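Asks: return a 3D structure for these sequence lines:
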Amino acid sequence: MLPRYRNTLIALFLLFALAFVGLVLLFHDRADKFAVAEAKQQALNALLMHRATHAYVTQIQRPEIYRLKEEGKLYQDYFSPSVLSFTFIARNIKDLLNREREKHGMETIYFKLASENPRNPVNKADASEVELLRRMNANELTEYEKVVDLEGKKWLYLAVPIERSNKGCLKCHGDPGDAPAELLAMYGDKAGFHESPDAIRALISIRVPLRSIVKAGDQMTRVLILVTFVVLTSIYLVITVLIRRIDTQEQEILKQNKALEKLSMTDMLTGIFNRFGLQRRGKEIMKSADRFHHPLALLMLDLDHFKLVNDRHGHTVGDVVLKQFGEIIQANLRGSDIFGRWGGEEFLVLSPYLHLKDAMKMAEKLRLAIEAAEFNSGIRLSTSIGVSEYHSGETLSGLIERADLALYAAKESGRNRVASEPLPEARTGPGNTSPGNDA
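Replies: Numbers count the residues shown, from 1 in each chain. You can find the predicted model right below:
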């Protein structure tokens, strides 16, 4: 896979992973908030039931009892807590409600009328409830809500004050002498009396269990996480498939372009560089020579009397000879040398890291290899070679032109020779030649 597409997939994977983690944290946070909100709703329902019970007792039940007493159907001192005590009634309704919840597999809700001076000890406020009552009486607090841990379980704790005491409340919570006889007979005259007027004598303490709500929220969270994972994974896989398809198509295009580029730079007959390929690679090597200050030599080779091969044996044999010539030269070059067909029977060798003297030696080696070779149909040939050395800043055409002049000098001297531009120590001379048979 191409690097940019691989990097894109890695970036998308990291992005999707971060998005997934973020969504998981968001789902858990929402689940926790949902649990608290649901518990608060249950606490509110319990509170509203409590207030509805209070309204029913004070507005309907008590007036009905008082009417019956006035009509003589009940005696005047009648006072049954199970009928007239709102606190007694509310506590028993709470107990009955919790029994019904248990029958339906639901956790019970803790409900308490907490007071510092309760008539029934079960309503005795603990230290935290006493502090809440103090703050409520001082108008510092109107409601209290907190998630608490009790016995390894989480609860939503809600505390709200009851209404402040009034004249009617003090009949049962003021002076014991004013209290109904049946009330005294049940609870005595020590607790629940001498309350201050206009005071909040109790608060409603509610604890709703969070375990079942959290469990339901966690189940929903797991479903959402699973769905999110499947969706994100599916999207990522689709993107991956599309990117891989694009990558495959682009790699095929690049492969074709590379093949076309190679084809455009390759001589179809010999399989080596053609003129375009030599020009392109030559410019690259010259830039490298300029940058790193290393020598560079160029050899121009020409097959002597090649036209006679075509005339006597035909162009098909001539093509085979050219191909064999290329193979022989290639076999005697270094791995760093650039070899190609300049045109017809002319060939170029670009040799980096060679000064002119060393290039002359390599040219002589090539000349001898061709002289010793037997070509197709028993043909024997020779080659003339012109050598030049790169001068920093010059063009490729200038370098080739000087090698071409040296080649011309080799041919004029009798062919099967190596000639070069003047060596550095003899620039003023006409040139240097290395004769073949005369050497």
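
Asks: quick one, strands of the stretch 201-350 of the chain?
Replies: 202-209, 296-303, 338-343, 346-352 (DSSP state E, counting those that start in this stretch).

Asks: name the SS class of the residue of the chain most remote from its centre, please.
Replies: What lies farthest from the middle of the chain is residue 72; by CA atoms, centre = their mean that is 83.9 Å. With DSSP: H, G, I helix; E, B strand; the rest coil as the basis, residue 72 sits in coil.

Asks: related to what we said a few turns ago, just name the most buried of the strands of the stretch 201-350 of the chain.
Replies: The highest mean neighbour count among those, using mean count of other CB atoms under 10 Å, belongs to strand 296-303: a mean of 25. (C-beta placed from N, C-alpha, C; glycine too.)

Asks: which strand or helix spans the residue nearest the centre of the chain?
Replies: Centroid-nearest residue in the chain: residue 14, 1.1 Å away (criterion: CA atoms, centre = their mean). Using DSSP states H and E, residue 14 falls within helix 3-56.

Asks: check which helices and strands that helix sits against.
Replies: Counting contacts by 3 or more CB pairs under 8 Å, 6 or more residues apart in numbering; DSSP states H and E, helix 3-56 packs against helix 86-103, strand 153-161, strand 202-209, helix 211-265.

Asks: so for the second one, mean pLDDT?
Replies: To tie it back to what came earlier, the one meant is strand 153-161. Averaged across strand 153-161, pLDDT comes to 87.

Asks: how about it: buried residues?
Replies: Of all the residues in strand 153-161, those buried under the rule 16 or more other CB atoms under 10 Å are 154, 155, 156, 157, 158, 159, 160, 161.

Asks: is it possible to get TSV of those residues that adds distance to residue 77?
Replies: Listed next are the buried residues of strand 153-161 as TSV, based on distance: CB to CB, whole Å:
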residue	distance to residue 77
154	48
155	43
156	43
157	40
158	38
159	36
160	34
161	32
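
Asks: now the helices for the stretch 51-200 of the chain?
Replies: Taking DSSP state H, counting those that start in this stretch as the test, the helices found in the stretch 51-200 of the chain are 62-70, 81-84, 86-103, 127-137, 167-173, 181-187.

Asks: the ones you listed: which one's closest to residue 248?
Replies: Judged by CB to CB, the one of the helices of the stretch 51-200 of the chain that comes nearest to residue 248 is helix 86-103, at 63.0 Å.

Asks: from the contact counts, what lies against the closest one?
Replies: So helix 86-103, by 3+ CB pairs under 8 Å, 6+ apart, packs with helix 3-56, helix 81-84, strand 110-115.

Asks: can you list the domain ranges for this protein.
Replies: 3-219, 266-434 (automatic domain parsing).
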